[in-house]
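S.K.: When you get a sec, could you give me coordinates for this:
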Amino acid sequence: MRRIVAGLAAALAVQVVAGQEDISLEDYAALMESNQEALGAVEAAVDAAAYQDARRSVAILRRNFQGRLPRFWFSRELADAVEIVRDGVDRLARLEEMMSRTWDVPEMPVRQATEEFRGAVCDACHNVYREGDGESGFRFREGVFALEAAPVRTREWSQYLAFDDRFSINFPGEPTIHEATYVTGYGITLPARVYTAEDDFGTYSATAVDWHEANELHERANEACQAATGDLRGGDNPGICANHVERDIRGATLHAAFGLLQRGSEVTFFGPATEGQNEGIRIQLLNEDGSRSFASIFWHENYLYITEATTPPGMPPPVLFANGMNFLDEYGIRIAYDTPYVPTFPVPSRRR
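M.R.: Residues are numbered from 1 along each chain as shown. Below is the predicted model:
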């Protein structure tokens, strides 16, 4: 068993992240009230150029849009509403990114993005599914739930601790594990372990590539190269033999990202990812069949991690999975650093 024994330490216990309870109409009304208040605060803060205050209110919106709101619509099998929520999640992520870069993003685009969020998300949903106003009260249009189905039940999510591979991540139940191999950018074959799970919302995988023997394998390749070429240097035929392990490590996340891009899917996002001050790469893809893939790639302490979730058309983003990655030390304690962690550079001090 690769799960941590429950009695090892309290910090290693499996933690239930979220249940899948039905979201009632009363719950939805409370969410709408929260969204209305938060969006009003965002607009007021943007008008005052108080972007830190605006980001705090955007965080409230993102929590609602990534949590209970998509479950409300998905359980009622209204795919158009789920798509509106997903568009809202994407717009909020872009808005937050703009607010974090106000030194090179003018005020007008931030204001415009805020107005577009209200129109393309809030107003779009209201025009189709709700009626009324702030004075008379909001209500769902007649017949919206006439064909309402029973709520979808999914497996309970929990934090899975892959102690052997020094990471933890959220999965819907116990994942299936199988051994694999992985070829690096310099052609070195390394052992890997793949963790997979699925539920009604999609499929999920986490691949951990073990780099502990990479230096030895690179050195063997270097020696074989020298034996084959005589390691000729200078002149018209310079030798190319060397131990390239550091270059291989520094390019590991880019090489893994390139592998995902080679599938040919439409790239809807390619940018940085951060977990515990460890900087990686985040990719979102729109696949030919309409499904969406969400991937994150990190390198940490002799492991390359590639996580990926794929959701069918109309399903909400895999928030619990995408935001559940953690790195563990030899005792199974989550690692977070005071300053950015960069492969092959001195390891920064850990946050306490």
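S.K.: just for this structure, where's the confidence low?
M.R.: Residue ranges of the chain with pLDDT under 70: 1-22, 101-106, 133-137, 143-155, 230-239, 352.
S.K.: show me what contacts N278?
M.R.: 298, 300, 327, 337, 340-341 (Cβ atoms under 8 Å, 6 or more residues apart in numbering). All C-beta spots, glycine's among them, are computed from the backbone N, C-alpha and C.
S.K.: Please produce a ChimeraX select command covering the buried subset of those residues.
M.R.: Listed next is the ChimeraX selection for buried residues among the contacts of N278, using 16 or more other Cβ atoms under 10 Å:
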select :298,300,327,341
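S.K.: Widest-spaced pair of the contacts of N278?
M.R.: Spatial extent of those (Cβ to Cβ) is set by the pair F327 and P340 at 13.6 Å.
S.K.: For H178, give the beta-bridge partners.
M.R.: V194 (DSSP bridges).
S.K.: ok, it to S205 distance?
M.R.: H178 sits at a distance of 10 Å from S205 (criterion: Cβ to Cβ, to the nearest Å).
S.K.: what are the ranges of the strands in the stretch 1-150 of the chain?
M.R.: Taking DSSP state E, counting those that start in this stretch as the test, the strands found in the stretch 1-150 of the chain are 16-18, 130-133, 137-140.
S.K.: scratch that, the stretch 251-352 of the chain
M.R.: 266-275, 278-286, 292-300, 303-311, 326-327.
S.K.: pull the longest helix from this structure.
M.R.: helix 25-47 (DSSP state H).
S.K.: other SSEs contacting it?
M.R.: For helix 25-47, the packing partners by 3 or more Cβ pairs under 8 Å, 6 or more residues apart in numbering; DSSP states H and E come out as helix 51-66, helix 68-75, helix 107-117, strand 137-140.
S.K.: again, only this time at 10 Å
M.R.: Judged by 3 or more Cβ pairs under 10 Å, 6 or more residues apart in numbering; DSSP states H and E, the packing partners of helix 25-47 are helix 51-66, helix 68-75, helix 79-99, helix 107-117, strand 137-140.
S.K.: what inclination does the next helix-or-strand element following the last one have with respect to strand 303-311?
M.R.: This points to strand 137-140. The element immediately downstream of strand 137-140 (helix or strand, assigned by DSSP states H and E) is strand 157-162. Using axes from the mean of the first three to the mean of the last three Cα atoms, to 10 degrees, the inter-axis angle of strand 157-162 relative to strand 303-311 is 150 degrees.
S.K.: what lines up beside the next helix or strand after strand 157-162 in the sheet?
M.R.: Going down the chain from strand 157-162, the next helix or strand is strand 167-172, by DSSP H and E. Here strand 167-172 is paired, per DSSP bridges, with strand 157-162 (antiparallel), strand 326-327 (antiparallel).
S.K.: picking up where we left off before, if we go by neighbour counts, what in the longest helix of the chain is buried?
M.R.: So for helix 25-47, counting by 16+ other Cβ under 10 Å, buried means 28, 31-32, 35, 38-39, 41-43, 45-46.
S.K.: got TSV for the residues you listed, with distance to A113 too?
M.R.: Output for those, formatted as TSV (distance: Cβ to Cβ, whole Å):
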residue	distance to A113
Y28	25
L31	22
M32	21
N35	17
A38	15
L39	12
A41	16
V42	10
E43	11
A45	13
V46	9
